[in-house]
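Enquirer: Provide a 3D model corresponding to the input given below.
(chains A and B)
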Amino acid sequence: MRLANVTSGHRGAPRFMLGVMRRVAKREPPDILKTLYYRPDFFGMRFSDLTQAVMRGPSEWSVGERELFAAFTSSLNQCVF
Amino acid sequence: MRAAGVVWVAGCTREAGDLTRRRARGALRAMDRAERRGAFANVARLIVERDGRLDSSVRRSAIDGGPVPAEVTALVSKIRARASDVTDADIDHARAAGYDEDQLFELTVATAVGESQRRLNRVLDLLGRKR
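Expert: Numbering: from 1, shown residues only, chains lettered A, B, ... in the order given. You can find the predicted model right below:
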């Protein structure tokens, strides 16, 4: 990640939640969360709702199959998530 | 000072609770396929319409796959074609041209959402399914 703001420039509730995660898990929160929690009104909030609907909502594919698609797509994108 | 800290934490806790509740409501609301498509388009629409630091016409163009200012053309092309090719040098180049962190965040998100929408549509077309 190359934007300092997305790494550690969160404000308000997202900053608080990331801080709690750091304390509880004793490790850095995943980059995907930092991105979704950075200015959540601009992008993260709506996108999370969409992701939730796509990955867990009604579908002819099972949750496991959808997770497999996601993992395969991420690997094609050279993304470790 | 200490009291201010307590007020800050209390405010944040309340806000965090709101965030969680909103997420839970979103999760419980089952969307059918058409609604999901609509929700995808909505994510893109809001990225353009929201108040942002980057000119909204640039955000629109980044989403639509159109041309963007020359200083960020290389960065945007990489995000569209193969995001893992982006390097610190691409970001530094844009920064040197006067883009700040929030503008680059908006540009990146807009480009990525637009590209993902185009890829999804390409696959739907190949499968002969309705967009």
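Enquirer: Is residue A:67 in contact with residue A:55, as I believe?
Expert: Yes: using C-beta atoms under 8 Å, residue A:67 is in contact with residue A:55, at 7.2 Å. Where you see a C-beta, it was placed from the backbone N, CA and C, and this is true even at glycine.
Enquirer: just the helices in chain A please.
Expert: Using DSSP state H, the helices of chain A run over A:4-8, A:12-25, A:31-37, A:44-56, A:63-76.
Enquirer: export those helices to a markdown table and tack on mean pLDDT, distance to residue B:130 and mean neighbour count?
Expert: A markdown table is the format used below for the helices of chain A (pLDDT from 0 to 100; distance: least, C-beta to C-beta, whole Å; neighbours: other C-beta atoms under 10 Å in any protein chain shown):
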| stretch | mean pLDDT | distance to residue B:130 | mean neighbour count |
| --- | --- | --- | --- |
| helix A:4-8 | 91 | 35 | 15 |
| helix A:12-25 | 94 | 37 | 15 |
| helix A:31-37 | 93 | 29 | 18 |
| helix A:44-56 | 90 | 17 | 19 |
| helix A:63-76 | 95 | 20 | 12 |
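Enquirer: how near is the closest residue to residue A:42 other than its chain neighbours to residue B:125?
Expert: The shortest distance from residue A:42 to any non-neighbouring residue, by C-beta to C-beta, 6 or more residues apart in numbering or on different chains, is to residue B:50 (5.5 Å). Distance, residue B:50 to residue B:125, by C-beta to C-beta, to the nearest Å: 29 Å.
Enquirer: Who has more neighbours out of the two?
Expert: Taking other C-beta atoms under 10 Å in any protein chain shown, residue B:50 and residue B:125 do not tie; residue B:50 has more neighbours (15 against 11).
Enquirer: For residue A:70, which non-adjacent residue is spatially closest?
Expert: Spatially, and ignoring its direct neighbours in sequence, residue A:70 is nearest to residue A:55 (7.1 Å; C-beta to C-beta, 6+ apart).
Enquirer: Could you pull up the contacting residues of that neighbour?
Expert: A:63, A:66-67, A:70 (C-beta atoms under 8 Å, 6 or more residues apart in numbering or on different chains).
Enquirer: if you set the cut-off to 10 Å instead, what comes out?
Expert: For residue A:55, the contact set (C-beta atoms under 10 Å, 6 or more residues apart in numbering or on different chains) comprises A:61, A:63, A:66-67, A:69-70.
Enquirer: The residue nearest the centre of chain B: what's it in contact with?
Expert: Nearest residue to the geometric centre of chain B (C-alpha atoms, centre = their mean): residue B:109, 3.0 Å. Under the criterion of C-beta under 10 Å, 6+ apart, the contact list for residue B:109 reads A:6, A:35, A:38-39, A:42-44, A:47, B:43-44, B:47, B:52, B:54, B:59, B:62-63, B:79.
Enquirer: cutoff 8 Å now
Expert: Taking C-beta under 8 Å, 6+ apart, we find residue B:109 in contact with A:42-43, B:47.
Enquirer: Out of these, give me the one that has the most neighbours.
Expert: residue B:47 (25 neighbours).
Enquirer: Many thanks, we can stop here.
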